[in-house]
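K.L.:
model the structure of this input:
(2 chains)
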Amino acid sequence: MHILVWEKLVAKRKFKRPNRSLSVDILLTLILGLFGLFSAWPLILILNNAFKPLNEIFLFPPRLFVYSPTLNNFHDLSVIIQNSWIPFSRYAFNTVFITAVGMIGTVFLSSLAAFPLAKYKFPGSKVMSRLIVYSLMFNGTVTAIPNYIIMSRLGLIDTYWAVVLPTMGATLGLFLMKNFMVQIPTELLESAKIDGANEFGIFLKVVMPLCKPAWITLIILSFQALWGITGGTFIYSEELKPVSYALSQITGAGIARTGVASAVALIMLIVPVSVFIISQSNVIETMATSGIKG
Amino acid sequence: MGEEKTALRKEYKLTFSQVWKEHKEKYLMILPFGILFVIFTLIPVLVSIVISFSYFNMLEFPKFVGLQNYINLFVYDEVFLIAVKNTLFFSLVTGPVSYIMCFVFSWLINELPPKVRALMTLVFYAPSISGNAFLIWKLIYSSDMYGFANAWLMRFGIIAEPILWFENKEYVMPILIVVQLWLSLGVSFLAFIAGLQTIDKELFEAGRVDGIRNRWQELWFITLPSMKPQLLFGAVMQITTSFSVAAISIELAGFPSVEYAGRTILTHLHDYGNIRYEMGYASAIATVLFFIMLFSNIIVQKLLRKVGD
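P.N.:
Presented below is the predicted three-dimensional model:
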């Protein structure tokens, strides 16, 4: 009797997951779980630390999970924020502006340029593609100075554009989009052309919908990059600085701010994590059934 | 092949206006990005390469010195050679291992039900999501008994006294490698996840009809060949990240690290660029690193072409 039920279950599984053996499935799930813990636990620590009272943060031996959770760290942080010289809403506005403009600009401009480079051959296309990959390999430390000179010549220093425009001119996004667009079947583009669409129409109506997972990935990446920007030497006016700068100033005050720093660490993490979850679940929903079809 | 080439060459002989008429739309689509790229990426890189042939302390105008920076780098700078050795060792380990990790995990996650898949993607990607989440490892490998690693090793009686992790030459590289691998499920991992979702599901059914019997055959004959562009993308990303190790070394092993155990090409560059302000020398280091990456990229791309053939 039991054997019959078991066999039925196995048969059902075979139908649902063809070409998969149960034992390997279990083994692979175990590996996934183990590595999952390995990569998740420092983040669990950040989460727990934010709610730890000071005596628990300095506890020996150190403890991963919080004993008696408290909102003290967040309370202290809000007091500091309220007393800040520039209203915090100003920092928040700067961050929203920089990330929104930078993100939309990056995704749109690099996708737009990636399309012809991915799908057509024309004089210069090969050279451009090469330059884009090669420029990924040159380190930013030494280009910072020529960059600064160029920006001051253009009068961009101490404006939002000093951090937004270079992000939009970075090649990672274009390289990513190009590698996805290569896979779009040429016949699809040709039939759209026969229907009378111009290149820009094809880009908007055919190419972009098919590359949704790619540009959602790019949204995540560019959000992260822009969210972490502190302005550095390119923006020196206090009232143009973003949130990440304000928060790093707060935690930079040393050991007395350890509790506040753990609250800040959580906040710095939670924003990109939320963006990640929202956009990722979006990809998975729309792409669950179809792929790029020829 | 030969005919194709002559045909192409003929196309190149077309006049400028003919080319423009034929491909106008394409050039216009590239233009906005192209302008930003040239101004903010290409020109700074070219200027840096030119500066690498000069002595430039950021106060006086750069003085042309020919190949002197490169000669100093390879002949007289012993620390640089240590840095090269460390970087090569580091990237030979973390590059391939992280690349395989990125692919294997994205491939395994892709088989999970949608909601679990979203969660697992987050869990694996989480270390790269906040710029400096890796600082948490400072707590783990803290040299006193408050550090997690020491506390645990002491609790289980493996060691009696806390180990000074970053004061010991032999611990530095292994710890940096572990941290880097922890961080490595980043851009390529996301690209692979996205790439797996764009594969036409009918291919797998067709494969089954054609006699594919297990997941490994599916992987080799269907999944990998359908993901070639993403695999090429991932390779470039893993090469650049594994050769560009600096921040974790400076933050965890300290700067300068004990007996240069954590010195990498980029921390060497950081030393000359951000501390000593010898920009000519720093630019020469960046240029050398660029060619090392370029060279390894060519090799890896050649290897990847063989996938699924």
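
K.L.:
ok, residue B:89 to residue B:165 distance?
P.N.:
Distance, residue B:89 to residue B:165, using C-beta to C-beta, to the nearest Å: 19 Å. Yep, even glycine has a C-beta here, placed from its N, CA and C like the rest.

K.L.:
between those two, which is the more surrounded one?
P.N.:
Legend: neighbour count by other C-beta atoms under 10 Å in any protein chain shown for residue B:89 and residue B:165, higher for residue B:165 (21 against 13).

K.L.:
what's the spatially closest residue to that one that is not a sequence neighbour sitting at in phi/psi?
P.N.:
Distance criterion C-beta to C-beta, 6 or more residues apart in numbering or on different chains; nearest residue to residue B:165, sequence neighbours excluded, is residue B:141 at 4.4 Å. Residue B:141 adopts backbone torsions of phi -100, psi 30, taken as degrees, to the nearest 10.

K.L.:
look at residue B:141 and say how many residues are nearby.
P.N.:
Residue B:141 has 20 nearby residues by other C-beta under 10 Å.

K.L.:
same thing with residue A:217?
P.N.:
Residues near residue A:217, counting by other C-beta under 10 Å: 26.

K.L.:
and the helix or strand harbouring it, how far out from the chain middle?
P.N.:
According to DSSP states H and E, residue A:217 maps onto helix A:212-228. Relative to its parent chain, helix A:212-228 has a centroid offset of 4 Å by C-alpha atoms, centre = their mean, to the nearest Å.

K.L.:
go on, stretch A:163-178?
P.N.:
Its chain's C-alpha centre and that of stretch A:163-178 lie 13 Å apart, by C-alpha atoms, centre = their mean.

K.L.:
where does chain A dip in pLDDT?
P.N.:
A:1-3, A:13-19, A:60-62, A:283-294 (pLDDT under 70).

K.L.:
how about residues contacting stretch B:269-276?
P.N.:
A:139, A:141-142, B:246, B:250, B:255-256, B:278-279, B:281-282, B:285-286, B:289 (C-beta atoms under 8 Å, 6 or more residues apart in numbering or on different chains).

K.L.:
in the stretch 51-200 of chain A, which residue sits nearest chain B?
P.N.:
Nearest residue of the stretch 51-200 of chain A to chain B, counting by C-beta to the nearest C-beta: residue A:169, 3.2 Å away.

K.L.:
output the lowest mean pLDDT helix or strand found in chain B.
P.N.:
For chain B, counting by mean pLDDT, DSSP states H and E, helix B:2-12 ranks last in confidence among helices and strands (a mean of 52).

K.L.:
ok so, going back, so how far is residue B:22 from the nearest residue to the residue of the stretch 51-200 of chain A closest to chain B once chain neighbours are set aside?
P.N.:
Nearest residue to residue A:169, sequence neighbours excluded (C-beta to C-beta, 6+ apart): residue B:36, at 3.2 Å. To residue B:22, residue B:36 is 25 Å away according to C-beta to C-beta.

K.L.:
next one: residue B:272
P.N.:
On the measure of C-beta to C-beta, residue B:272 and residue B:22 end up 48 Å apart.

K.L.:
more neighbours, these two?
P.N.:
residue B:272 (24 against 13).

K.L.:
next, the contact list for the residue nearest to the more buried one when sequence neighbours are not counted, please.
P.N.:
Leaving aside its chain neighbours, residue B:272 sits nearest to residue B:282 (4.2 Å; criterion: C-beta to C-beta, 6+ apart). Shown in contact with residue B:282 (C-beta under 8 Å, 6+ apart): A:141-142, B:269, B:272-273.

K.L.:
what's stretch A:36-50 in contact with?
P.N.:
A:57, A:64-66, A:73-74, A:262-263, A:265-266, A:269, B:120, B:123-124, B:126-127, B:133, B:136-137, B:139-140, B:182, B:185.

K.L.:
just checking, what packs against the lengthiest helix in chain A?
P.N.:
Using DSSP state H, we find that the single longest helix of chain A is helix A:88-119. Counting contacts by 3 or more C-beta pairs under 8 Å, 6 or more residues apart in numbering or on different chains; DSSP states H and E, helix A:88-119 packs against helix A:125-135, helix A:161-168, helix A:172-181, helix A:212-228, helix A:243-251, helix B:16-37.

K.L.:
got the buried residues for it?
P.N.:
A:90-91, A:94-95, A:98-99, A:101-103, A:105-119 (16 or more other C-beta atoms under 10 Å in any protein chain shown).

K.L.:
no further queries at this time; thank you.
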